[in-house]
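Engineer: fold the following.
(4 chains)
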Amino acid sequence: MLFSAENLSVEIDRPLRDPVSPVRGVSFSLDAGMTLALVGESGCGKSMTCLAIAGLLPKRGRISGGALKLDGQDLCALPENEAQALRRRHLSSVFQDATGGLNPVRSIGWQVAEAVRLRKGATRHEAQAEAVRLLGRVGLPDPERRAREYPHQFSGGMNQRAMIALAIAGNPRLLIADEATTALDVTLQAQILDLIADLRSSLGMGVIFVTHDLGLVAQTADRVAVMYAGRIAERADVADLFAAPRHPYAHGLLSSLPERQAQGGRLATIPGTVPPIDALPGGCAFAPRCPRVSDRCGQEMPELALGAACHHPLPPGRAAATIREREFS
Amino acid sequence: MSALDRPALPARRWVWLATLSRLPVMVSVAAGFMLLMLFVTVFAQVIQPYAFDHVDLMNRMTPPVPLAGATWAHPMGTDTLGRDLFSRLLVAAQTSMLLSILGTCLGAVMGIALGFLAAHKGGLWDEVIMALVDFQAAMPWFIIALAILAFMGNSMAVFIAIMGLYGWETYARITRGLVLSAREQGYALAVRGLGAKPRRVYLHHILPNIAGPLIVQLTINFPNTILFETSLSFLGLGIRPPMTSLGQMLGEGRDYLINAWWLAVIPGLVIFLTTLSMSVLGDWLRVKLDPSLET
Amino acid sequence: MTWILLKLLRALVTMGLVLTFVFFVLRLSGDPTLVLLPDDVDQATREFYRAKWGLDAPLWEQYTSYLRALLQGDFGISFRNNIDAFQVVWDRVPKTALLGGTAIAIALLIGMPLGVLAAVYRDSWLDRTVMSIAVFGFSMPNFFLGILLILIFSLKLRVLPSSGSGTWAHLIMPAATLGTGFAAQIARYTRSSMIDVLSKPYMRTARSKGAGLTRRVSQHALPNASVPVVTILGIKVGEMLGWAVVTETVFAWPGIGRLLTSAVASRDLAVVQCIMILLAFTMVAANMVVDLVYGWLDPRVRVGARAQA
Amino acid sequence: MTALLRAEDLRKSYQVGRGGLFRRARRFNAVDGVSLTLNRGETLGVVGESGCGKSTLSRLVLGLSPHDSGEITFDGAPLPDEGSDDWRHLRRRMQLVYQDAAGALDPRQSIGTQIAEPLKIHNLPPERAEQALADVGLPQAMAARHPHELSGGQLQRVVIARALTLEPELMVMDEPVSALDVSIQAQIVNLIQDLQQARGMAYLFVSHDLSIVHHVADRVAVMYLGQVVEEAPKAAFYTRALHPYSKALLAAVPVPDPATRGRAAPRIGDPPNPAAPPTGCRFHPRCPHATEQCRVEAPALRDFGGRRAACHRIEELSQ
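Structural biologist: Residues are numbered from 1 along each chain as shown, chains lettered A, B, ... in the order given. Coordinates of the predicted model:
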């Protein structure tokens, strides 16, 4: 196993108020060459999970519990500098805003070369050559010249390619792509996804793919973890999830997609809104919006069992369409 | 008025009270000092124990109270002509405050009006006003003021005009920027799209939304205006005898540093405390009113 | 290259406007013969001097001949001591340049690092201390600070000379007086600019590369944060020239400021005019330098605004 | 029956950067010769990627920003000049809802005041405000709140309610659900459709999301770099698009079904700078079927039996 998160929790301190926990007991694992999708709506804790793994939590945030195992070594148990060294060597991230993610006063080549030097300790000259090679590898035409240009001279798509070049510098083993294609147009998005898939198989990386777009999940992931209010609601193989989701939230999410509706009809919806993380209901956080809710849900937090954290999961393998008719209308 | 129109007034009033009770100590002290200064500005003539220009050659250069040789008749001592320093200080503070308030307001009104005009009219208006702004910013205004005052002589009107012209360009630039960006904000566009006339958009929506940053600018500018006035008077070019201002007192007192340091230090201290209080208040207001300035 | 030419053109227009403004303000504000000549001279003498100084011509002609003279580098004759006004002013330039340069150096060397530290350790005791000192620093009227320094170091402790110039000891107090407020402002601007930059996504990118704090600050944040600070520096040069006049007066520092106050007192029109033109030129030049530095710091300006592909 | 909205050869350009002293500023044709019609009660979906001019178009047809050339008629009459009294009166009949609901509301005024504002402007009975709030499914208590206290979905409901108070005949929806979460998106889409059924409004529905447009639109127009390249009834468009760009767009949509994996993404490269569009057919540098003719000659929008497309090679390619 390449990487696993075990019962990961994150806490954020707030001035004059109690700290909040945007991530509460999240566990998943992935192997080399595999893509795990973390999917959920805004505020579900998927991005915070990524930042915790990458060691990029904001100043006031910290990992408050659990373990992050990279090749069996627990990053949380190691001394800070050793953990950061391991992360630097083996782990890298690509974020949504590529243009903002690149330093406007440094050339693209300088920035990629810096990543090469920091990860591999190459000489300045080697790093420069490697940067040009990487820029070519991610599909930038004329990388020699492009390396000397600045982010404002690039289009959004080119900047995202440059960010990917920066991320794969030094052949990391785990790539975290946090909404990496969200800001891009569909035609570009498709090409960037192809690039990531291609790099994954040629470099043998594990990929944690964070998105809110279930279409992207279906197209890219091997395994999926659906998050809701800081916890994993459902964890499954991609085919199983889309064929027969077990958690009512995952089911509701899938049902609300226009693609999965009869034409012209109304879309299935999940009533209500996501509760703010500092005012979560007791028990299951989804209970107030859940069509299958019982008294037990309001009192007892369901544990993740057989892929779904729910006291009343939908039965496995049942055709989703019939349930939708009955419960989400 | 429909039921929907009723704003939640009681709740908001409560918020204000709560904020007042949670003021940081420094801010409370600064606010207290500024209130005191305002009180002096209004009532200087009422509280002064002597006329500020009352000469008493028998009691010259008596020191202020804690020092040896001081009398309670002149708690802050007297100057070289035996005039009561406390009374002079009150009147000087009044003059300085009045001039600075007047100057700040003149500059603000002019700048804000021109800024609005530039943003609203656009085109040539905008170009001309912004050229004026650039020009004003490119002139060493303090030095020009110095020359004008020296050559035009002791005219209060000229002095006030110069104070008013000081700093207007900052308001103009800020107002123009704020109006332009507020107008591009969704809400202004949306209200226009509902069929509102420009007057409604400006008065009901844009002005309330940009008032915060403008007030902040006012508090930033006020200490500068005080320094502007006191510096000119210090050099003997602003307020001149027989009138007095804090800068003028300090300038006079400077010649007696060796024998009577308090003649310079006391007015200096008042100037310093005023600008300091205003800066502290301004910083606090800035965080409160304009979160965009301090992320 | 176009933008440099445009800047140059703009600077020229500004200079032209300043020259015009200075001319009319000074000519309209009083008759120099009334001030310079003794009260009891007769009208004929007065007229003689008016003619001699070219004050009898229509204003428009005075203005054109004034511009023509300026273009030839002729700033007129000092009314008081009958020598070339430019020479009188130019002799004082090194003193003011020394004072101003030292003050700017103090401001940058103290203000920038403190601002950076305050931003990096934001909300810590260090930040609060630095920022409190900064508020004191820029609220302090510079003439008052000067007087306090004289009181303490010259009159009480008797370690530094209270006025004049010549030795390094003479420079310490005036430079400190002029530099303090400036340093405080630079510290504040640097801090807020750094705070802004530190929250930018590219700082997270640098972190995710594994760059250490020193590297992140020096290689990634500072080059970006210094852009607005440099802009402020250019704007503040004018303000500083004003403060220099006050400081030079307090310490009897024989620079341009001191010359200005005495020339103003004696209504030496040519000298005042020359000083104002020189200072305006300094400000315009400072803004040009800032623009150039700007281009050097920020490739977005340097490469020119090519629309995003 | 006359169409509710008709646009004929609309053009709008913006200045890019500042002009020099001796050089004209470059202009960027955001909308470059667009013609379309919208009937009463109908939904026309306008799709395209960023920079294609769809947002500009949505403001042009409402008269919110002036067009350079071309003609817009609303209910048979040309749009009055922007800012005139007629123009302001016309606001009652046409309204805009766009992506940034939080931005569209004044942060300092209560929801109630803002919903009632159009009624004040047009001297209409204030009761309509309560009705509108109920129509979008918000409780009356919401009226006392301020925008920052509401969630994204609620804000979008407020914006829709504010537009509804005027009982418009045309609503232009510019990416109305793009900023919302999936589950909230569905709620708003349903609301928009319910309102249309109840009130018979016509929608110009602008979106980059082809699946949502598929769900709500009757007809679809595809824009690319300021021009309409294809326009067709929904069913025809989604079953068989004619233009190569439409095909690429449809192929790139990530389908939420793992069974469709393994389709190769269309390799059409990065989009060009919209400020400097290519010659001839604007899609030719990215088009797999481009010929010499495409490089030099701009294709006209031609009729293909109830649908239109702008491509030189449609006949060959559809064989």
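Engineer: show me where the stretch 51-200 of chain A has its helices.
Structural biologist: Using DSSP state H, counting those that start in this stretch, the helices of the stretch 51-200 of chain A run over A:80-90, A:98-101, A:108-120, A:124-137, A:143-146, A:156-168, A:186-203.
Engineer: give the rounded mean pLDDT of the very next helix or strand once past the last one.
Structural biologist: Helices and strands here follow DSSP states H and E; after helix A:186-203, the next one along the chain is strand A:206-211. Taken as a whole, strand A:206-211 carries a mean pLDDT of 94.
Engineer: helix or strand right after strand A:206-211?
Structural biologist: helix A:214-220.
Engineer: hang on, D:Pro118 in a helix?
Structural biologist: Yes - using DSSP: H, G, I helix; E, B strand; the rest coil, the assignment for D:Pro118 is a helix.
Engineer: surely it and B:Leu194 touch.
Structural biologist: Yes - under the criterion of Cβ atoms under 8 Å, D:Pro118 is in contact with B:Leu194, at a separation of 4.3 Å. In this view, the C-beta of every residue, glycine as well, is placed from N, C-alpha and C.
Engineer: got any residues that touch both of these two?
Structural biologist: The contact sets of D:Pro118 and B:Leu194 overlap at D:Arg91, D:Arg162, D:Leu166 (Cβ atoms under 8 Å, 6 or more residues apart in numbering or on different chains).
Engineer: now, which of those residues lie within strands?
Structural biologist: Among those, no member is found in strands (DSSP state E).
Engineer: now intersect those residues with the helices, please.
Structural biologist: Using DSSP state H, D:Arg162 are the members of the shared contacts of D:Pro118 and B:Leu194 that sit in helices.
Engineer: give me the buried entries from the shared contacts of D:Pro118 and B:Leu194.
Structural biologist: Using 16 or more other Cβ atoms under 10 Å in any protein chain shown as the burial test, the shared contacts of D:Pro118 and B:Leu194 include D:Arg91, D:Arg162, D:Leu166 as buried.
Engineer: put together CSV for the residues you listed, with pLDDT and distance to A:Ala250 on each row.
Structural biologist: As requested, those are arranged in CSV below (pLDDT from 0 to 100; distance: Cβ to Cβ, whole Å):
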residue, pLDDT, distance to A:Ala250
D:Arg91, 92, 43
D:Arg162, 94, 35
D:Leu166, 92, 40
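Engineer: next, format those as CSV and append distance to chain C.
Structural biologist: Output for these, formatted as CSV (distance: Cβ to the nearest Cβ, whole Å):
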residue, distance to chain C
D:Arg91, 33
D:Arg162, 34
D:Leu166, 37
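Engineer: what is the nearest of those to A:Met227?
Structural biologist: D:Arg162 (34.0 Å; Cβ to Cβ).
Engineer: now the closest one. Nearest residue, chain neighbours left out?
Structural biologist: D:Ile115 (5.0 Å; Cβ to Cβ, 6 or more residues apart in numbering or on different chains).
Engineer: hang on, the earlier thing: and chain C, which of the helices of the stretch 51-200 of chain A is closest to it?
Structural biologist: helix A:80-90 (3.1 Å; Cβ to the nearest Cβ).
Engineer: what is the orientation angle of that closest one with strand A:206-211?
Structural biologist: 90 degrees (axes from the mean of the first three to the mean of the last three Cα atoms, to 10 degrees).
Engineer: so which bits of helix A:80-90 are buried?
Structural biologist: Buried residues in helix A:80-90 (16+ other Cβ under 10 Å): A:Ala83, A:Gln84, A:Leu86, A:Arg87, A:Arg88, A:Arg89, A:His90.
Engineer: and for stretch A:181-196?
Structural biologist: Counting neighbours by 16+ other Cβ under 10 Å, stretch A:181-196 gives A:181, A:183-196 as buried.
Engineer: of all the residues in stretch D:91-108, which ones are buried?
Structural biologist: D:91-92, D:94-106, D:108.
Engineer: next, the distance between the ends of it.
Structural biologist: 24 Å (Cα to Cα, to the nearest Å).
Engineer: okay, the helices of the stretch 51-200 of chain A, which one's buried deepest?
Structural biologist: helix A:156-168 (a mean of 26; mean count of other Cβ atoms under 10 Å in any protein chain shown).
Engineer: before we move on, back to that, nearest to B:Trp72 among the buried residues of helix A:80-90?
Structural biologist: Distances from B:Trp72 to the buried residues of helix A:80-90, taken by Cβ to Cβ, are shortest for A:Gln84, at 68.9 Å.
Engineer: could I get the contacting residues of the residue lying closest to that closest one once chain neighbours are set aside?
Structural biologist: Leaving out its chain neighbours, the residue that sits closest to A:Gln84 by Cβ to Cβ, 6+ apart is A:Gly55, at 5.9 Å. A:Gly55 is in contact with A:Leu75, A:Ala83, A:Gln84, A:Arg87, counting by Cβ under 8 Å, 6+ apart.
Engineer: just the strands in chain D please.
Structural biologist: D:5-16, D:26-38, D:43-47, D:69-74, D:77-78, D:94-98, D:170-174, D:202-207, D:219-224, D:227-233, D:302-303, D:308-309.
Engineer: give the next helix or strand downstream of the helix or strand bottoming out on mean pLDDT in chain C.
Structural biologist: Here the helix or strand of chain C ranked lowest by mean pLDDT, DSSP states H and E is helix C:32-36, holding a mean of 64. Downstream of helix C:32-36, the next assigned helix or strand under DSSP H and E is helix C:43-52.
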